[in-house]
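**Q** Need coordinates for the below:
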Amino acid sequence: MFKFFKRVKTVVDSELNALLDKAEDPVKMLEQFMRDMESDIRDAESAVAKQIANEKMLQKKYEDAQKMVDKRDEQALKAVEAGNDDLARRALEDKKLHSQTAETLKESYERAKLDSAAVRKKLDEMKAEYYQMKLKKDSLKARAESAKARTKMNRTLSGIGTDDSKRGFERMEEKVLQFEAEAETSEDIRSSNRSLDDEFETLDKTSAVDDELAALKRKLGKE
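**A** Numbering: from 1, shown residues only. Here you go, the predicted model:
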């Protein structure tokens, strides 16, 4: 349980460059490492809970055995006071059995108590390491995202100003100039045609006026 947690920490600490060399996504890998660590901690918490439950069970059995020792001791004293040595002897014999049981349970309980303290300490260490790695993961994730953004921007900018781009730009500029020249030529032709038509129209109007003027003169007998 704890070995795997330590292995994950080692991978995050020392193998990030190897992951990058393999073209693996470091952000996704870091997230997976954190999930593995969280699973490891849950397993450790379960183990600690079982150890604590075992400790409490042994404590209760020890306390119950000790209570029987105290009870039989009181009963033996009561039997002696009543002059019943046989009953007192039986109580003391049973007290001895419970006392032996209590001693054994006490040893087991104290050992379980030490084990509980040890696994609790280990769990606390695991959680402390997890939070440290979480902070490191967040930092590495931010750095990875920043590096990706810079790489993408640099690749985009590297495509601007290349020979192909310049030649393409120049071709488009030539096309625009050509379109503008064609537009100006068409406007000149249109303007020329309109001027010629206007002159003929003016000529027709002048002739009509002259004819009308001559008619008026004839009418007045001035011709």
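**Q** This structure - how does it break down into domains?
**A** 2-158, 162-223 (automatic domain parsing).
**Q** State which helix of this structure is the longest.
**A** In the chain, with assignment by DSSP state H, the single longest helix is helix 85-158.
**Q** so how far is that one off the chain centroid?
**A** Relative to the chain's own centre, helix 85-158 is displaced by 27 Å; criterion: Cα atoms, centre = their mean, to the nearest Å.
**Q** In contact with the residue nearest the centre of the chain, which residues are there?
**A** By Cα atoms, centre = their mean, the chain has its centre lying nearest to residue 31, at 6.7 Å. By Cβ atoms under 8 Å, 6 or more residues apart in numbering, the residues touching residue 31 are residue 137. Quick note: C-beta positions are derived from backbone N, CA and C, even for glycine.
**Q** Read off the pLDDT value for it.
**A** Confidence at residue 31, expressed as pLDDT, is 84.
**Q** same question, the one 3 residues further on
**A** We note a pLDDT of 86 for residue 34 in this prediction.
**Q** How much space separates it from residue 88?
**A** Separation of residue 34 from residue 88 (Cβ to Cβ, to the nearest Å) stands at 67 Å.
**Q** For the domains of the chain, which has the smallest mean pLDDT value?
**A** domain 162-223 (a mean of 70).
**Q** helix or strand for residue 83, which one?
**A** Assessed by DSSP states H and E, residue 83 sits outside every helix and strand.
**Q** Report the contact partners of residue 102.
**A** 62, 65, 66, 68, 69.
**Q** So the fourth one versus residue 57, what's the distance?
**A** Going back to what we said before, that points to residue 68. 17 Å.
**Q** So for those two, which residue has more residues nearby?
**A** residue 68 (17 against 13; other Cβ atoms under 10 Å).
**Q** Leaving out the residues flanking it, which one is nearest to the more buried one?
**A** In space, and not counting its chain neighbours, residue 68 is closest to residue 98: 4.1 Å by Cβ to Cβ, 6 or more residues apart in numbering.
**Q** One more: residue 95?
**A** Here the residue nearest residue 95, using Cβ to Cβ, 6+ apart, is residue 72, at 3.5 Å.
**Q** quick one: residue 93 and residue 32, what's the gap?
**A** Taking Cβ to Cβ as the measure, residue 93 falls 64 Å from residue 32.
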